[in-house]
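Chemist: Using only what follows, build the 3D model:
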Amino acid sequence: MLKIFRSRIYVAILLIISMLMLGVFGFRFLAEYTWTDAVYMTMITISTVGFGEVQPLNDSAKIFTVILILVSVIVLGYAISIITEYILSRSNFELIKQRSVQKKIDSLNNHVIVVGFGRNGKQAAQKLTTYGRPFVVIERDEEIVNKFHSDQMLFVTGNANEDEVLVQAGVKRASTLISALPDDSDNLFVVLSARQINPDLKIISRASEETTYQKLKFAGADNVIMPDKIGGDHMASLVVVPDLVEFLDNLQVATEGRVNVQQVTFEAVCPDLKTRSIRDIDLRNKTGCSIIGYKSADGDYIINPEASLRLERGCILIVIGRPEQIENLHREFAI
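Modeler: Next up, the predicted model:
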């Protein structure tokens, strides 16, 4: 829509330039004015300021002046209307776009809010996109918002330290908030505000300093991640157990962003809510995936659980498989 208005503006500018050239050449050759006088007469005629003539006009020059006045009224009127319409339409377009984004955000439930779209925020957004989780990004840099905004990437422009911005992002309906701001004090304020608005919200915060870790936990963060510490540990592990680390790096996401590790809830494998053993659900034969972990309702983990282990309500299974096997898992259990 804005492209159409731009093309109309170009037409209006071209008409104005053509009208000016017509006036200058007309006064220069019909009224035999000098080039300076021709330009002067053209400008005062088009602008209708009412100054007198440089020198008396002959009949042909008078007829030309009348035509120039009529043409200038039409062209300038058209140009002013197009420019005004463009400005108003641009404002309306931005308003409509913001309302459309907000309408999509308002329709979300149990979504994830990512605060900050820096290096860590982008990584979080990419991971959520890979796993098909709906999310909203809060970012105060308008250039970043305009650059990365899309139908799949919903942004709220503003400072997440303000409660209104968090509410606009749907914090009251969200399941999780990831605060990935580079400054620890900003993350602390976001955690405090979010926890006050939604006591049931799961909050994951980034931290740069070890001294901030306990403060963020005390403020209400469920998990505090220190990227620098993880990065150093990861690099050291590549020295000590390089093959194992490379294997683990390839577990979560395979080529082309396809998932090869998935968690499965009790309700998905036992839709009738009756307890069954791992052998009974026969997940390996049905999908090709293997169960490598079990988390009980109490939060206890079992690595490589036995086939005789009976599943309880609230438990979670961690399964691994090739991307096509994970797709079979999704189809078989409607995940």
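Chemist: contacts and neighbour counts: CA atoms only from here.
Modeler: Will do.
Chemist: Would you map the helices across the chain?
Modeler: 2-29, 35-47, 59-106, 119-130, 142-148, 163-168, 184-197, 210-219, 227-240, 242-249, 266-269, 278-281, 283-287, 323-333 (DSSP state H).
Chemist: what ranges of the stretch 1-150 of the chain fall below the confidence cut-off?
Modeler: 1-6, 50, 87-96 (pLDDT under 70).
Chemist: returning to that earlier point: out of the helices of the chain, flag the one nearest Asn304.
Modeler: helix 278-281 (11.2 Å; CA to CA).
Chemist: Restricting to C-alpha, output the closest one in CSV.
Modeler: Taking Å, rounded to 0.1, in the frame of the first residue of the first chain, the C-alpha atoms of helix 278-281 are listed here in CSV:
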residue,chain,number,x,y,z
ILE,A,278,7.4,-48.6,29.6
ARG,A,279,7.1,-52.0,28.0
ASP,A,280,3.3,-51.6,27.7
ILE,A,281,3.4,-48.4,25.7
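Chemist: Could you work out which of the helices of the chain reaches nearest to Glu312?
Modeler: Closest among those, using CA to CA: helix 266-269, at 7.1 Å.
Chemist: residues making contact with the closest one?
Modeler: Contacting residues not belonging to helix 266-269 are listed as 273, 281, 311-317, 333-335 [CA atoms under 8 Å, 6 or more residues apart in numbering].
Chemist: and of the helices of the chain, who's closest to Ala307?
Modeler: Here helix 278-281 is closest among these (CA to CA), at 4.9 Å.
Chemist: got the buried residues for that closest one?
Modeler: Neighbour counts over helix 278-281 (16 or more other CA atoms under 10 Å) mark Ile278 as buried.
Chemist: which regions of the stretch 151-300 of the chain sit below the pLDDT cut-off?
Modeler: Ranges of the stretch 151-300 of the chain meeting pLDDT under 70: 250-259.
Chemist: burial of the residue nearest to Val245 when sequence neighbours are not counted, as a residue count?
Modeler: Of all residues not flanking Val245 in the chain, Leu238 sits nearest, at 6.2 Å (CA to CA, 6 or more residues apart in numbering). Per other CA atoms under 10 Å, the neighbour tally for Leu238 reads 14.
Chemist: And Arg313, how far from Ile278?
Modeler: In this view, Arg313 and Ile278 are 13 Å apart by CA to CA, to the nearest Å.
Chemist: Also Lys215?
Modeler: 41 Å.
Chemist: go on, Ile80?
Modeler: Taking CA to CA, one finds Ile80 at 74 Å from Ile278.
Chemist: and what of Gly293?
Modeler: In terms of CA to CA, Gly293 sits 11 Å off from Ile278.
Chemist: can you list contacts of stretch 165-182?
Modeler: Contacts of stretch 165-182 (CA under 8 Å, 6+ apart): 102, 105-106, 108-118, 120-121, 136-138, 156-160, 187, 190-191, 194, 197-198, 200-208.
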